[in-house]
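Chemist: Need coordinates for the following:
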Amino acid sequence: MDEQDELRQATTESVNPRTRQIDQLSSQAIVELILEEETRVIPAVLAERTAIAALADVVVERMRRGGRLVYVGAGTSGRLGMLDAIECIPTYGLEPGRIVALVAGGPAALTGPVEAAEDDEEAGARELTALGIGPDDVVLGISASGRTPYVRGALREARQRGAYVAVLVCNRPAPLADLADLVIAPVVGPEVIAGSTRMKAGTAQKLVLTALSTTVMVRLGKTFGNLMVDVRPTNRKLWQRGVRIVMEATGLSEQDAQRVLQEAGGEPKTAIVMAIAGVDAAEARSRLGRAGGLVRAALEESDGG
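Modeler: Coordinates of the predicted model:
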């Protein structure tokens, strides 16, 4: 199948019959039409929930043995991957390099269009190789159309190196699916503006990535209940958030939570174990280490004597 045939089959490239007259509508009507179309995204993503959860399980397993999650994409898809990877660092105290994003065109593509870079299949393979990908890693190719050459090059290289390969696409069938161990394909239908996959497809990709990375972080013990106890208080707002987290988890007053958080070196997780188990920072860190970073397990050790 040639490139034009592939594009003709892609619903993300189709013309949406519901929006053919959009240029004749008022601003109010255009906004309503756009948002109406966006409501189709949630059902499409929900239909992929089993695949998203299965991929999360694979990522957790690989990351526990030192592996990484690598996003690969171009254009909007690549930028969404980069956004998700970066935000996991301060939100969950994740070490840099555990979730990595490759974007066609490199850093320049984050602040401006470098659209021709998505056609460079060799660049995808080369940049993936430079990461030293191996069997402990998971590589997720993100492509609304499901055919991006840059992503294809990266995924082929990942397979050769023994990594687990998954794809996030918005079409079925999608050529990239042939390279994948697992496919996540929320099919959102034609865009409001034909081919503008920063719209519904972009929303769907953002939802999938958020669900995936959040599930992985929870499973890795980066939360206590729904509190982000590994947050890094690197600025005033995040410090105050850390204090509120300690207060919520322990029932301490603001003043006491401030004190314990300071004694814990700004680590909410450590402060929580200190406060609840009645131990100092060194012992709290030791218990967390033995518990694999899981606050509940560290506290159960205390309960068990």
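Chemist: What's the local residue count around the nearest residue to residue 109 once chain neighbours are set aside?
Modeler: The spatially closest residue to residue 109, leaving aside those adjacent along the chain, is residue 103, at 4.9 Å (Cβ to Cβ, 6 or more residues apart in numbering). Quick note: C-beta positions are derived from backbone N, CA and C, even for glycine. Neighbours of residue 103 under the rule other Cβ atoms under 10 Å: 27.
Chemist: my read: residue 103 touches residue 80, true?
Modeler: No: with contact defined as Cβ atoms under 8 Å, residue 103 does not reach residue 80; the gap is 9.7 Å.
Chemist: one step back: which residues sit in contact with the residue nearest to residue 109?
Modeler: 73-74, 78-79, 81-82, 109-110 (Cβ atoms under 8 Å, 6 or more residues apart in numbering).
Chemist: Just the ones of those residues in helices?
Modeler: Members of the contacts of residue 103 lying in helices (criterion: DSSP state H): 78-79, 81-82, 109-110.
Chemist: Is it possible to mark the buried ones in those?
Modeler: 78-79, 81-82, 109 (16 or more other Cβ atoms under 10 Å).
Chemist: So for the biggest helix by length in the chain, what gets flagged as buried?
Modeler: Under DSSP H, the helix in the chain containing the largest number of residues is helix 200-219. By neighbour count on 16+ other Cβ under 10 Å, the buried set for helix 200-219 is 200-209, 211-219.
Chemist: swap in stretch 82-90?
Modeler: Applying 16+ other Cβ under 10 Å to stretch 82-90 flags 82-85, 88-90 as buried.
Chemist: for stretch 169-178, same thing?
Modeler: Residues of stretch 169-178 classed as buried under the neighbour-count rule (16+ other Cβ under 10 Å) are 169-171, 174-177.
Chemist: Identify the farthest-apart pair in these.
Modeler: Within those, 170 and 175 form the most distant pair, 13.1 Å apart (Cβ to Cβ).
Chemist: Find the residues that touch each one of these two.
Modeler: Common neighbours of residue 170 and residue 175 (criterion: Cβ under 8 Å, 6+ apart): residue 146.
Chemist: who touches residue 117 in this structure?
Modeler: 74, 104-106, 109, 123, 150.
Chemist: Could you rerun that using 10 Å?
Modeler: With contact taken as Cβ atoms under 10 Å, 6 or more residues apart in numbering, residue 117 is in contact with 74-75, 78, 103-106, 108-109, 123-124, 149-150.
Chemist: go on, residue 232?
Modeler: Listed by Cβ under 10 Å, 6+ apart, the contact set of residue 232 reads 89-94, 238-239, 242, 266-268.
Chemist: Next, give me the two most distant ones among the residues you listed.
Modeler: With Cβ to Cβ as the measure, no two of the contacts of residue 232 lie farther apart than 94 and 239, at 18.6 Å.
Chemist: Just the strands from the stretch 1-150 of the chain, written as ranges.
Modeler: 69-73, 99-103, 138-143 (DSSP state E, counting those that start in this stretch).
Chemist: Format those strands as TSV; extra columns: distance to residue 184 and mean pLDDT.
Modeler: Formatted as TSV, the strands of the stretch 1-150 of the chain follow (distance: least, Cβ to Cβ, whole Å; pLDDT from 0 to 100):
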stretch	distance to residue 184	mean pLDDT
strand 69-73	12	98
strand 99-103	16	96
strand 138-143	8	98
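Chemist: To residue 49, which of those lies closest?
Modeler: Nearest to residue 49, of the strands of the stretch 1-150 of the chain and by Cβ to Cβ, is strand 138-143 at 16.2 Å.
Chemist: and that closest one, what other elements does it pack with?
Modeler: helix 49-64, strand 69-73, helix 75-92, strand 99-103, helix 149-160, strand 164-169, strand 182-184, helix 200-219 (3 or more Cβ pairs under 10 Å, 6 or more residues apart in numbering; DSSP states H and E).
Chemist: Run the angle between the first one and strand 164-169 for me.
Modeler: Right, helix 49-64. Taking axes from the mean of the first three to the mean of the last three Cα atoms, to 10 degrees, one finds helix 49-64 and strand 164-169 inclined to each other by 140 degrees.
Chemist: do the same with the longest one
Modeler: For helix 200-219 and strand 164-169, the angle between their directions (the same axes, to 10 degrees) works out to 140 degrees.
Chemist: Check what contacts stretch 14-27 and list those residues.
Modeler: Stretch 14-27 has contacts (Cβ under 10 Å, 6+ apart) with 7-8, 29-34, 36-37, 171, 189-195, 200.
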